[in-house]
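[1] Output the structure for:
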Amino acid sequence: VRIAGSTIAAIESDKPTTQKILQIARENSEGAVYEAYMAYPENVTIFTQEVDLPPEFDVTKRDWYLDAVAAGGKSICTAPYIDYLTGKMIVTVASAVFKDGSLYGVAGADLYVDELITKCESVSVSDNAYSMLLDSERNILVHRNEDYTPTAEEDGSTKFTSVSDVPAYANNEQPIDSVV
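    Predicted coordinates:
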């Protein structure tokens with residue numbers, strides 16, 4: 001995401017070129033990214049394909065945009081949330097892009113949580129181990145036991161299970177290693 005955003009800023013690409021750069025980034029993700037985009041401070045967003053956003057949608061007020069800007073160019077990854085456009089649970093990876101010391105925009109990519117689950121399940125660790133994915137708050141994002149995976153609540157929020165709430169992990173019966 002950061003490389004695509006930096007390329008877009010460096011050449012100050014027009015909309016078709018920006019879409020092509022984002023499409024290449026999406027295609028190189030091996031199916032992990034369902035949408036990539038460049039969001040600008042003027043509340044303009046360019047997606048890999050045409051997307052009709054309602055007039056009240058302000059990209060600069062979205063948590064992922066604000067978090068990326070606050071991170072000052074480091075990439076961020078959100079906790080899972082319900083996507084505004086698809087209604088599916090996603091995570092967003094985003095990175096603010098600066099040019100000549102000023103914010104140029106935020107490059108972002110959305111990944112379906114169910115795709116992360118599929119990829120995580122395909123990792124073969126050993127016969128006596130399995131992979132899982134945690135966020136920075138130690139909430140379980142992907143686990144072979146669906147009772148521990150995030151769920152959408154009626155109010156639109158997301159319910160998580162903390163790894164410390166799972167007896168097998170809370171009692172340190174099994175070590176937890178994380179690899180980024």
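
[2] This structure: strands as residue ranges?
    If DSSP state E is used as the criterion, the strands of the chain fall at 33-40, 44-47, 76-77, 81-82, 89-99, 102-112, 133-134, 140-142, 151-152, 158-159.

[3] In TSV, list those strands along with mean neighbour count, distance to residue 122 and mean pLDDT.
    Backbone N, C-alpha and C define where each C-beta goes, glycine included. Conversion of the strands of the chain to TSV gives the following (neighbours: other Cβ atoms under 10 Å; distance: least, Cβ to Cβ, whole Å; pLDDT from 0 to 100):
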stretch	mean neighbour count	distance to residue 122	mean pLDDT
strand 33-40	22	17	94
strand 44-47	18	28	94
strand 76-77	19	20	90
strand 81-82	16	24	82
strand 89-99	22	18	93
strand 102-112	23	15	95
strand 133-134	18	13	79
strand 140-142	21	11	80
strand 151-152	14	22	79
strand 158-159	12	24	83
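
[4] Output those strands as JSON lines; include the columns distance to residue 25.
    As requested, these are arranged in JSON lines below (distance: least, Cβ to Cβ, whole Å):
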{"stretch": "strand 33-40", "distance to residue 25": "5"}
{"stretch": "strand 44-47", "distance to residue 25": "12"}
{"stretch": "strand 76-77", "distance to residue 25": "16"}
{"stretch": "strand 81-82", "distance to residue 25": "21"}
{"stretch": "strand 89-99", "distance to residue 25": "11"}
{"stretch": "strand 102-112", "distance to residue 25": "7"}
{"stretch": "strand 133-134", "distance to residue 25": "21"}
{"stretch": "strand 140-142", "distance to residue 25": "22"}
{"stretch": "strand 151-152", "distance to residue 25": "28"}
{"stretch": "strand 158-159", "distance to residue 25": "26"}
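
[5] Retrieve the pLDDT associated with residue 118.
    pLDDT, residue 118: 79.
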